[in-house]
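Chemist: Give the three-dimensional model of this entry:
(chains A and B)
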Number of protein chains: 2
Amino acid sequence: MHDELIIGIDLGGTNIKGALVDSGGHIISKQKAATLANTGPRAVAERISRIIGDLESQAAAAGKKVAGIGVGIPGQADQTRGTVFFAPNLHWRDVPLVEYLRSRTILPVYLENDANAAALGEQWLGAGRGSVNMVMITIGTGIGGGLILNGSLYSGTNGSAGEVGHMVIDPDGPLCSCGQRGCLETLTSATAMVRMAKEAIDQGKKTILAREENLEARDIVMAAQAEDKVALLIIDVAARYLGMGLGNVINLFNPDTIVIGGGVSKAGDILFEPLRREAVKRSLEAPARVVKIVPAELGNDAGCIGAAKLVLLTAD
Amino acid sequence: MHDELIIGIDLGGTNIKGALVDSGGHIISKQKAATLANTGPRAVAERISRIIGDLESQAAAAGKKVAGIGVGIPGQADQTRGTVFFAPNLHWRDVPLVEYLRSRTILPVYLENDANAAALGEQWLGAGRGSVNMVMITIGTGIGGGLILNGSLYSGTNGSAGEVGHMVIDPDGPLCSCGQRGCLETLTSATAMVRMAKEAIDQGKKTILAREENLEARDIVMAAQAEDKVALLIIDVAARYLGMGLGNVINLFNPDTIVIGGGVSKAGDILFEPLRREAVKRSLEAPARVVKIVPAELGNDAGCIGAAKLVLLTAD
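Modeler: Sure thing, here's the model as predicted:
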């Protein structure tokens, strides 16, 4: 395995990312294509196959073999059947993805939830290096979670463990897509932060955010770093809700490390200082003493690197 | 190991229970003594030693060896140092329990949190037989939790994982001993149910509970089974709060089984029917589909049996 290469694929709602990596996780080459989920599962699989084909050719040109392909998917994977059980963002149910890819490659293919893949990546080479009990929380449109427990990926009974975004934080909070009220992701996701910004703008609050046409969470992060008061308040509110969620996570999992990923995690101390304070306040003394709360380090590469790690883990 | 016996000790705030069990977990003999925590750790250790001595003698009389001693403690254990790090009910901090026991026995001694020991017991021989991912929740004065994940006990980074009692369910709820508001154990523990009953009695509500002098949770369970309306309402409210907590547990751990222990778990369908309904309503479709929510089966023996199992696990 040591002189073989691996292909890691990160299938997202918007883009398909692929990386050719070596057995140490170093990226040798990257590829990207639009997902275009509305074209249907077979067409999406065809675009994934093209990326795999390109990366296989590059490995061959370098005189190297490819050991296998790991694929992170935005939903639940059934590893034994090689199917995507449910991926709401893609509108997929029971899609035989491995069979579709099989028509174009003979390499072994391993599927995993994308948040789990990102957690594997961060534990392997990112902010969770050396961690034995790690919770990764990715803040994006929604909030995803991945768990490394006793040193191994923990995905639960049918691959759906780690849904930190659907912890109920405020039973009287905003309605969530899952049908409950006040889930963590209704209070502190990128979507929630943009909603808070729009409310402030509608209320006539003075903020540089009012200039943005298509407001995104990263605009709020940048405005906060430029000391815009509305943006600072939004980051602070999000940090406090997230801290309440982390309190539960700390009391339940007693992790050594919590890794926060997603664009918002680049906010630095503006986010992490109130977040750490609130998380400690919201958790018991013993588990609070041992936990580090840190930003992710691998950014958009975490998914591909973690997907590649899957191949190493399974082949070990 | 197969023809050796094991001693399991369950050290509680009120009683010390000991059992001599065979390698299949069958109880051969039981012993019990008052804990009398106010006499201090050395005196408590002496009472544990006396139980161990009695059980060792019984094993010897039967011509059998004892392989080791497992001890469940009401707090956090430091297994490598053989100390009780913190046990609030006993007012113990950094007590070298194994050293104290060592003066009276040469057998190996293994410490574990009591909720974890009970979870091991129920997974071995009780309601969690065959479970790979099990969460045990014990409802008593407080609410304890034990986790079996990927088939093994998961105790976290410093032994304090599984604190389900301190999940925040209602941020505006009653003040908890941990300093937060609306923790699960303030809403649905035996203590919380007795508090609700006393409030109803003070408000002049008609209930057979008004006759009880020292009201306990089991009186409420019995009154509910006799169709007392106040008692039925209390069980229903407790079931609904517990169901909210189970929703979070299901979304985070994706367990195949949740085992509910403690006296309240004997309430039967009066508790479990609303509990299951609420838990499913409060969790995502995929993890809700695979989880069973069942009452514990080993009752007061779970702690001793699970503590004995510790010896088998460590010696394996």
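
Chemist: Enumerate the residues of the stretch 151-300 of chain A near chain B.
Modeler: A:152, A:154-164, A:166-171, A:178, A:180, A:244, A:247-249, A:251-256, A:282-284, A:286-287, A:289-291 (C-beta under 8 Å from any C-beta of the partner chain). Placement of C-beta: from N, CA and C, glycine included.

Chemist: pLDDT weak spots in the stretch 201-316 of chain A?
Modeler: Applying pLDDT under 70 to the stretch 201-316 of chain A flags residues A:316.

Chemist: Helices of that one, start to end?
Modeler: Using DSSP state H, counting those that start in this stretch, the helices assigned to the stretch 201-316 of chain A run over residues A:217-225, A:229-253, A:269-281, A:285-290, A:302-315.

Chemist: From the contact counts, what lies against the fourth one?
Modeler: Contact analysis of helix A:285-290 by 3 or more C-beta pairs under 8 Å, 6 or more residues apart in numbering or on different chains; DSSP states H and E lists helix A:229-253 as its packing neighbours.

Chemist: Most proximal residue of the stretch 1-150 of chain A with respect to chain B?
Modeler: Here the stretch 1-150 of chain A gets closest to chain B at one residue, A:Asn133, 5.1 Å apart by C-beta to the nearest C-beta.

Chemist: One more: the stretch 51-200 of chain A?
Modeler: Scanning the stretch 51-200 of chain A for proximity to chain B using C-beta to the nearest C-beta identifies A:Gly156 as nearest, at 2.6 Å.

Chemist: just checking, that residue touches B:Asn254?
Modeler: Yes - using C-beta atoms under 8 Å, A:Gly156 makes contact with B:Asn254 at a distance of 2.6 Å.

Chemist: Now do the shared contacts for these two.
Modeler: Residues touching both A:Gly156 and B:Asn254 (C-beta atoms under 8 Å, 6 or more residues apart in numbering or on different chains) are A:162, B:133, B:287.

Chemist: Tell me where the model's unsure across the stretch 1-150 of chain A.
Modeler: In the stretch 1-150 of chain A (pLDDT under 70), the answer is A:1-2.

Chemist: What residues does it have near chain B?
Modeler: A:76, A:85-86, A:132-133, A:145, A:149-150.

Chemist: Repeat the analysis, applying 7 Å as the threshold.
Modeler: Neighbours of chain B within the stretch 1-150 of chain A, by C-beta under 7 Å from any C-beta of the partner chain: A:76, A:86, A:133, A:149-150.

Chemist: of those residues, buried ones?
Modeler: Buried members of the residues of the stretch 1-150 of chain A next to chain B, scored by 16 or more other C-beta atoms under 10 Å in any protein chain shown, are A:76, A:86, A:133, A:149.

Chemist: picking that back up, neighbours around the residue of the stretch 51-200 of chain A closest to chain B, how many?
Modeler: As a burial measure, A:Gly156 scores 28 neighbours (other C-beta atoms under 10 Å in any protein chain shown).

Chemist: For the residue of the stretch 201-316 of chain A found nearest chain B, give its distance to A:Asn150.
Modeler: Sorted by distance to chain B under C-beta to the nearest C-beta, the residues of the stretch 201-316 of chain A start with A:Asn254, at 2.5 Å. Look at A:Asn254 and A:Asn150: by C-beta to C-beta, to the nearest Å, they are 11 Å apart.

Chemist: next one: A:Leu232
Modeler: 39 Å.

Chemist: farthest residue from the center of chain A?
Modeler: Within chain A, A:Gly204 marks the point farthest from the mean C-alpha position, 34.2 Å out by C-alpha atoms, centre = their mean.

Chemist: Just to check, A:Ala239 is in contact with A:Pro274?
Modeler: Yes - using C-beta atoms under 7 Å, A:Ala239 is in contact with A:Pro274, at 4.0 Å.

Chemist: Who has more neighbours out of these two?
Modeler: Per other C-beta under 10 Å, whichever of A:Ala239 and A:Pro274 has more neighbours is A:Ala239, with 24 against 18.

Chemist: tell me the contacts of the more buried one?
Modeler: A:271, A:274-275, A:278 (C-beta atoms under 7 Å, 6 or more residues apart in numbering or on different chains).
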